[in-house]
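> Okay, structure incoming, though there's no sequence with it:
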């Protein structure tokens, strides 16, 4: 007889979906590593004065040579990173988690919910842990929504909504940031179709985010008196989510929230780009800084799409495709671009591990449940 506390098995469709995402992730990572390792192997043979050695090998010999010799080249690139730039990148990576907590706190305040700064910071670090280790970019959001809802009795749906609003504002800020810095990168758009494709994807995401924010913040589309509200109001289970959606209008009516969120988002974007700029400087990579101000936010936004767990594979491919280009002022090899991406992700994992320690060592993992309203 099954234990009453046993968890039910995951639905077959959900399990299949997770498996497919993991498979796509693995294929993308394998493809990018294989292409880079083969490229590095050919460069190594040329350096040894053996220009025809690669072509004389069989397909199996090429793959064995690439996967035997090239990983050490990747490690050599990572070892070039000096401690000062590594420390700066590590600090900036942690700062953006703290700044993200401050921005979420602004959304909570609009809904009349007050959480202490220490509690918001702790939940943000724990959420960062769940984002990294729950095979997706939404695990932490679910945690934050649950924790925020627990802190109130009468505004649970509104509290959970603040997490979605904070994510929407953050993505929109990154998209606008990438759009602005696409202008100085225009020569790359004119020469490389890969930049055109990324630019179109960023523009499409920006339009969707602007429509969602505009409809929710500045119109009555989601109001309880609107057509959608009247239709959904017929279902008892929809009343609480409908009330929360209607409260989106509060964000648009609060100019202080919009300005403060914009300033915090700007600081977060600077910290994100600064992390990779510090790593690039430490590795001695020849990348124009104006290029990183576009590439980094663009890659972060595209990697946030639910294609692979935590954007693995997507992020690495994009860094290599966008940075390893034959263009004046650039001198980045595919392996170096891959190292930059992997080092940035490693710092993110390091801070996620710190979030895991916060989750394990703090006795009260959630804010105390709020008493019912009188």
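Yep, it's here. Every value quoted in this text rests on a predicted model; they were computed, and no experiment measured them.
> Just the helices from the stretch 51-200 of the chain, written as ranges.
53-56, 59-79, 83-110, 117-133, 139-150, 156-181, 186-191, 193-218 (DSSP state H, counting those that start in this stretch).
> can you redo the ones you listed as CSV with mean pLDDT and mean neighbour count?
Where you see a C-beta, it was placed from the backbone N, CA and C, and this is true even at glycine. What follows is the helices of the stretch 51-200 of the chain, written out as CSV (pLDDT from 0 to 100; neighbours: other Cβ atoms under 10 Å):
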stretch, mean pLDDT, mean neighbour count
helix 53-56, 82, 13
helix 59-79, 77, 15
helix 83-110, 93, 19
helix 117-133, 85, 21
helix 139-150, 77, 20
helix 156-181, 91, 22
helix 186-191, 94, 14
helix 193-218, 93, 15
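> Rebuild the ones you listed as a markdown table, extending it with distance to residue 299.
Shown next, in a markdown table, are the helices of the stretch 51-200 of the chain (distance: least, Cβ to Cβ, whole Å):
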| stretch | distance to residue 299 |
| --- | --- |
| helix 53-56 | 31 |
| helix 59-79 | 19 |
| helix 83-110 | 15 |
| helix 117-133 | 16 |
| helix 139-150 | 19 |
| helix 156-181 | 9 |
| helix 186-191 | 14 |
| helix 193-218 | 8 |
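> Residue 30: which of those helices is closest?
Nearest of the helices of the stretch 51-200 of the chain to residue 30, taken as Cβ to Cβ: helix 59-79 at 10.5 Å.
> ok now that closest one, how far from the chain's centre?
Put simply, helix 59-79 sits 29 Å off its chain's centre (Cα atoms, centre = their mean, to the nearest Å).
> One more: stretch 83-92?
Distance, centroid of stretch 83-92 to centroid of chain: 20 Å (Cα atoms, centre = their mean).
> re the thing from before, of all the helices of the stretch 51-200 of the chain, which one is nearest residue 285?
Nearest of the helices of the stretch 51-200 of the chain to residue 285, taken as Cβ to Cβ: helix 59-79 at 9.1 Å.
> how near is residue 339 to residue 301?
22 Å (Cβ to Cβ, to the nearest Å).
> With neighbour numbers in mind, choose between these two.
Between residue 339 and residue 301, residue 339 has the larger neighbour count (other Cβ atoms under 10 Å), namely 27 against 23.
> Which neighbouring elements make contact with the helix or strand hosting residue 297?
Using DSSP states H and E, residue 297 falls within helix 289-303. If contacts are counted by 3 or more Cβ pairs under 8 Å, 6 or more residues apart in numbering; DSSP states H and E, helix 289-303 sits against helix 156-181, helix 193-218, helix 255-283, helix 314-323.
> Now the last one: average pLDDT?
Over the span of helix 314-323, the pLDDT mean works out to 89.
> Buried residues in it, which are they?
By neighbour count with 16 or more other Cβ atoms under 10 Å, helix 314-323 contains the buried residues 314-323.
> I figured residue 144 was touching residue 105, is that so?
No - if you go by Cβ atoms under 8 Å, residue 144 and residue 105 don't touch, sitting 11.2 Å apart.
> circling back to that earlier point, redo the helices and strands packed on helix 289-303 as CSV? Include distance to residue 248.
Listed next are these as CSV, based on distance: least, Cβ to Cβ, whole Å:
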stretch, distance to residue 248
helix 156-181, 7
helix 193-218, 4
helix 255-283, 12
helix 314-323, 30
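> To residue 23, which of the ones you listed lies closest?
helix 314-323 (13.8 Å).
> Starting from the closest one, tell me the next helix or strand along the chain.
helix 334-361.
> so what does that next one touch, helix or strand wise?
The contact analysis (3+ Cβ pairs under 8 Å, 6+ apart) places helix 334-361 against helix 12-47, helix 59-79, helix 83-110, helix 117-133, helix 255-283, helix 314-323.
> got the angle for it vs helix 289-303?
60 degrees (axes from the mean of the first three to the mean of the last three Cα atoms, to 10 degrees).
> Could you list the buried residues of helix 334-361?
Per 16+ other Cβ under 10 Å, helix 334-361 contains these buried residues: 334-345, 347-348, 351-352, 355-356, 358-359.
> between the helices and strands packed on helix 289-303, which one is nearest to residue 68?
helix 314-323 (20.8 Å).
> Report the angle between that closest one and helix 255-283.
70 degrees.
> Helix 314-323 packs against which elements?
Applying 3+ Cβ pairs under 8 Å, 6+ apart, we find helix 314-323 packed against helix 12-47, helix 193-218, helix 289-303, helix 334-361.
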